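> Sequence plus the predicted model coming up.
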Amino acid sequence: MRRPGPRAAALSGCTVLGVAGAVVLGVGLSGAEPLSAGGAAAAAVTAPPSGAPSQATALPRTTATAWTTPSSPVHVRVDAVGLDLPVLPLAAPTGVIDPPLLTAAYWVQPYGEPVGAAEDADNTLYLAAHSTSTGNSGFDPLLTADHQGSALVPGDVVSVSTPEGTVDYTVERTARYAADALAGATEVWEAVPGRLVLITCLTPLGSGATTEDLVVFATAR
């Protein structure tokens, strides 16, 4: 298995429109130095396991507000919850993952990329998208009606299509992580060819508070 590159990433996959504050969420990808984000304060992670950064990063809430759905030859589809989103690449040269649009999913470079056949995968494919308290954003369909849990269950199928073909992934499990615990969740950040990980945050409808993240683990069929 190819290990991820020596960098850390901090995901701001949570949007609470019109609410100020910070998304405290740091995620580590294979042993990197802590990141800073525009002078934002860092939140300590206690005794992270090997491979996680020694600090999580407190990021400002995203300013993503665009509702125009972009065009892309790559799509993620989950028929069980009526989700069909274009998927775009998102480079994270500073280690910060902040999807710029509310209506698309993003695969995180330089890690796993969408492929036309499962055997072509050489890493975990991470797809991140916003969820919001409005219920109308990218990964909102992945959440239960109250936005406090996963609408996906083991056995559901997530399809990622490219011009070269479509790979179907079977959901194995979902998990909720405290925002300040995701950095140390080494099971999330393992490089596993043929694995798909979906990440968004849990923002209860009508609430400006988000302290947990939803992670969906799936494996190519």
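Yep, it's here. Numbering: from 1, shown residues only.

> if I look at Pro89, how far off is Asp156?
25 Å (CB to CB, to the nearest Å). In short, each C-beta sits where N, CA and C put it, glycine included.

> How many residues are close by Arg221?
By the measure other CB atoms under 10 Å, the count of residues near Arg221 is 11.

> quick one: contacts for the residue nearest to it when sequence neighbours are not counted?
Counting by CB to CB, 6 or more residues apart in numbering, the nearest residue to Arg221 once its immediate chain neighbours are dropped is Asp168, at 4.8 Å. If you count contacts by CB atoms under 8 Å, 6 or more residues apart in numbering, Asp168 has them with Val157, Val158, Ser159, Ala220, Arg221.

> what about Pro89 and Asp156, which has more around it?
For Pro89 versus Asp156, neighbours defined as other CB under 10 Å are more numerous around Asp156 (20 against 13).

> The more buried one: what's it in contact with?
Counting by CB under 8 Å, 6+ apart, Asp156 touches Val78, Ala80, Val81, Thr170, Val171.

> Would you point out the most distant pair within those residues?
Using CB to CB, those span at most 14.7 Å, a distance reached by Val81 and Thr170.

> any idea how far Arg176 lies from Glu164?
In this view, Arg176 and Glu164 are 34 Å apart by CB to CB.

> nope, Leu90 is what I meant
20 Å.

> Who has more neighbours out of those two?
Comparing Leu90 with Glu164 by other CB under 10 Å, the one with more neighbours is Leu90, at 19 against 13.

> Name the nearest residue to that one, ignoring sequence neighbours.
Per CB to CB, 6+ apart, closest to Leu90 is Tyr106, 3.8 Å.

> what sits up against the host helix or strand of that neighbour?
Counting by DSSP states H and E, the element that carries Tyr106 is strand 105-109. Strand 105-109 is contacted from outside by 9, 74, 76, 85-92, 97, 99, 113-114, 125-129, 138-139, using CB under 8 Å, 6+ apart.

> Return the subset of those residues lying in strands.
Among the contacts of strand 105-109, DSSP state E puts 9, 76, 85-91, 97, 125-128 in strands.

> Report the two of those separated the most.
Ala9 and Pro86 (21.5 Å).

> who has more neighbours, these two?
Applying other CB under 10 Å to Ala9 and Pro86 shows that Ala9 carries more neighbours, namely 24 against 18.

> Show me the shaky parts of this protein.
For the chain, applying pLDDT under 70 flags the ranges 1-68, 92-97, 183, 205-209.

> which strand is the longest one in it?
Assignment by DSSP E gives strand 165-178 as the longest strand of the chain.
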